[in-house]
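Build me a model from this:
(one chain, ligands or ions: 2)
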Amino acid sequence: MNDHTTTVSASVIEKIRQAVGPQGVLTAAADLDPYVVDWRGVYRGTTAAVVRPANTAEVAAVMKICAETCTPVVPQGGNTGMCGASIPSAGGGEIVLALARMNRVLEVDPLNNTLTAEAGCVLAAIQQAAADADRLFPLSLGAEGSCQIGGNLSTNAGGINVLRYGNTRDLVLGLEVVLPDGRIWKGLRGLRKDNTGYDLKHLFIGAEGTLGIITAATLKLFPRPAANATAWMAVRDPEAALQLLALMRRHCNDRITAFELISRHSLELVWQHIPGTRDPIGEPHPWYVLTELADAGDESALRADLERALETALNKELVVDAVIAENHTQAQALWHLRESIPEGVRQAPAMVYRHDIAVAVGRIPEFIREAQAALEARFPDVQLICFGHLGDGNLHYNAYLPDRLRSDAAARDAHDVTETVYDIVQQYGGSFSAEHGIGLSKVAELARYKSPVELDLMRTVKHALDPQGLLNPGKVL
Ligand code: FAD
Ligand code: ZN
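Ligands and ions are numbered 1, 2, ... in the order given. The predicted structure follows:
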């Protein structure tokens, strides 16, 4: 990889300015600031310029200049990523290429059930465009008001509806990508069947901007549910939550779109730090499940089904107390609690060590117990800020150490906490990064836990597509 510690020269920035126009380049320090620090405030880099192209041809022109001048590039979407992947390095040797101006929905095809949008489209705008055509784009996550579809694709984002609709990767039919040398791959096909050789789009999905710049995507749309039902349930422990999931699947099958497990400690951070939030159930319980059903049919029938499932679960003592949302506003308030947890974690005064892990769904309770015991043996005051997508076997298994004040040293010492968790994840055949990616924060884990064969294949792909090492250097590999 090149040494990127020298800053980008004024002549390179001038060439780029000629390609994208003066409104497409930011260089004043105050303008650059939002682009060089990540959402969590953990990573801060520097850059001489943020380039904001208006269309694919401009992205291609910028990449051509960068290839000719050996200028490295950090692609950036909504900058909501959790692993520092969209932040330039401290050396200031890279330009940031921000896709925000490329925010048009290009086409909605209700018969083909597809939507084509530019990469800088905010996720919520895509959801809205689908709804306007009486369709559903099911990707949904707490950052949907600011993350962009290009960032979702590049991180293969998960979110709350994976249980029914899959990850971002499962929602894509075609991509348009600008390659590191400036060539454009026009792969915006809306085909559900196309076995004409290697499926190249999957290389760029989840690549965290290290292989190409995604400039547009053709996405799958689904029928828009006519009815929804939402329940907040208190459960004794994760084992009961797992049995509840099985029971609900028997009663409601694939009408379950979300099934989230939440530890009480996670909610305590929300109640402390997010104004207007409160406990929907009076009595305290150690664990909760938030579930959502969706159906094309009648709302009262769906609700009746949910009530029947809940009654069985109460009789079997899988659920100890529950609230069913009476209307959309109440459902939104329940989801607001769940979606405020990352913000609560961000505002917590002491260190939160974050782990975005996956193991087989059936082994989740055992994993939670074993990892908790291992953490408590080393850190007696640890609290589990554990929440996430039980139905996908994916938990945000965060360890909160109230006595360890936030500091760079505490962040640097993360490995004593994280290795305790990841080594157990590894024994379970799990993943140390289920939906957030590698970025900067998990480069060492990738080297530690991936096999030499996998690492070698990944390096081979990287070198084949980006031989100069221009795209997002230092990230992932
Ligand atoms: P950025 O953060 O800007 O970039 C992410 C990566 O993609 C970087 O490597 C960047 O270089 C690259 N990139 C961005 N755009 C492009 C492009 N056009 N071409 C090539 N590379 C590009 N994630 C989940 O998976 N599930 C969740 O439930 C979830 N909940 C969240 C809740 C909150 C409150 C927050 C703040 C974040 C959450 N996230 C979640 C993480 C984050 O929102 C997702 O990773 C999101 O997909 C990132 O999109 P972005 O546009 O912000 O990308
Ligand atoms: Zn998540």
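
Surely Lys475 forms part of a helix?
No: secondary structure of Lys475, determined by DSSP: H, G, I helix; E, B strand; the rest coil: coil, with no helix assignment.

Not counting sequence-adjacent ones, nearest residue to it?
For Lys475, ignoring the flanking residues on the chain, the nearest one in space by C-beta to C-beta, 6 or more residues apart in numbering is Ala85 at 5.2 Å. To be clear about C-beta, it is placed using only N, CA and C from the backbone, and glycine gets the same treatment.

what about that neighbour, distance to ligand 1?
Relative to ligand 1, Ala85 is positioned 3 Å away (C-beta to the nearest ligand atom, to the nearest Å).

who are the neighbours in contact with that residue?
By C-beta atoms under 8 Å, 6 or more residues apart in numbering, the contact set of Ala85 is Ser154, Thr155, Glu208, Gly209, Gly437, Ile438, Gly439, Leu440, Asn472, Lys475, Val476.

so which two of the residues you listed are the farthest from each other?
By the measure C-beta to C-beta, Ser154 and Leu440 form the most distant pair in the contacts of Ala85, at 14.4 Å.

Could you list the contact residues of the stretch 201-350 of the chain toward ligand 1?
Residues of the stretch 201-350 of the chain lying close to ligand 1 (C-beta under 6 Å from any ligand atom) are Glu208, Gly209, Ile213, Ile214, Pro342.

give me that answer again for 8 Å
Applying C-beta under 8 Å from any ligand atom, we find that the stretch 201-350 of the chain lies next to ligand 1 at Phe204, Ala207, Glu208, Gly209, Thr210, Gly212, Ile213, Ile214, Thr215, Glu339, Pro342, Glu343.

repeat for the stretch 1-150 of the chain
Within reach of ligand 1 by C-beta under 8 Å from any ligand atom, the stretch 1-150 of the chain has these residues: 38-40, 74-83, 85-86, 99, 119-120, 123, 141-143, 146-150.

Show me just the buried residues among those residues.
Buried subset of those (neighbour count, 16 or more other C-beta atoms under 10 Å): 38-40, 74-83, 85-86, 99, 119-120, 123, 141-143, 146-150.

from memory Gln347 sits against His273, does it?
Yes: shown here, Gln347 and His273 form a contact pair, counting by C-beta atoms under 8 Å, at 4.1 Å.

now the residue of the stretch 251-400 of the chain found nearest ligand 1, what's its secondary structure?
Closest residue of the stretch 251-400 of the chain to ligand 1, C-beta to the nearest ligand atom: Pro342 (3.9 Å). What three-state DSSP gives for Pro342 is helix.

List the contacts of it.
Pro342 makes contact with Gly142 under the criterion C-beta under 8 Å, 6+ apart.

Going along the chain, name the helices of the stretch 301-450 of the chain.
Counting by DSSP state H, counting those that start in this stretch, residue ranges of the helices within the stretch 301-450 of the chain are 328-339, 341-347, 364-378, 408-412, 414-427, 443-449.
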